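Chemist: okay, sequence plus prediction incoming.
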Amino acid sequence: MACRISELIIECRDPQRLADFWCEVLGFIVLGTEDDGGVEIGPQEGFGGLQPTLIFSPNTEPKTGKLRMHFDVNATDRDQDAELERLLQLGARPADVGQSGEESWHVLADPEGNEFCLLQSRLS
């Protein structure tokens, strides 16, 4: 028997702002809010499905340095260029983590500066 990732916790200054951004990026919905201001988002089927839920937990400390773990995302219904444009319109911005410029992926940052990568291949 093995474990499965069920939730990922992301500490941030503005949980609602990041929840809104990532709901748009991933096609998720808000599943609930916490008394402390935290927001949980996930797929329509909710907690326990094939995809983990994301919990944005309030934290007033500023982000410092490159993240040790980041998300990789793939477009599902368009090519990489079209998805890049969509993500930039949602509030993502290009990020430099030392890439050479020859990569097949784009490094971006969410509205709070958390890095993530848009990969080239499309998933269905």
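Modeler: Received it, and whenever you're ready, just let me know what you need.
Chemist: per-domain residue ranges of this structure.
Modeler: 1-60, 70-124 (automatic domain parsing).
Chemist: contact partners of stretch 66-77?
Modeler: 25-26, 82-83, 97, 105, 114-119, 121-124 (C-beta atoms under 8 Å, 6 or more residues apart in numbering). (Glycine included, C-beta is placed from N, CA and C.)
Chemist: buried subset of those, written for PyMOL?
Modeler: To isolate the buried ones among those in PyMOL, judged by 16 or more other C-beta atoms under 10 Å, type:
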select buried, resi 25+26+83+105+114+115+116+117+118+119
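Chemist: take the contacts of stretch 66-77 and keep only those in strands.
Modeler: Judged by DSSP state E, the subset of the contacts of stretch 66-77 located in strands is Glu115, Phe116, Cys117, Leu118.
Chemist: residues touching the most centrally placed residue in the chain, list them.
Modeler: Centroid check for the chain by C-alpha atoms, centre = their mean gives Trp22 as the closest residue, at 5.2 Å. Applying C-beta under 8 Å, 6+ apart to Trp22 gives the contacts Phe28, Ile41, Leu54, Phe56, Asp110.
Chemist: got any ranges where the protein has weak pLDDT?
Modeler: Within the chain, the set of residues satisfying pLDDT under 70 comprises 1.
Chemist: helices of that one, start to end?
Modeler: Here the chain has its helices, by DSSP state H, at 15-26, 80-90.
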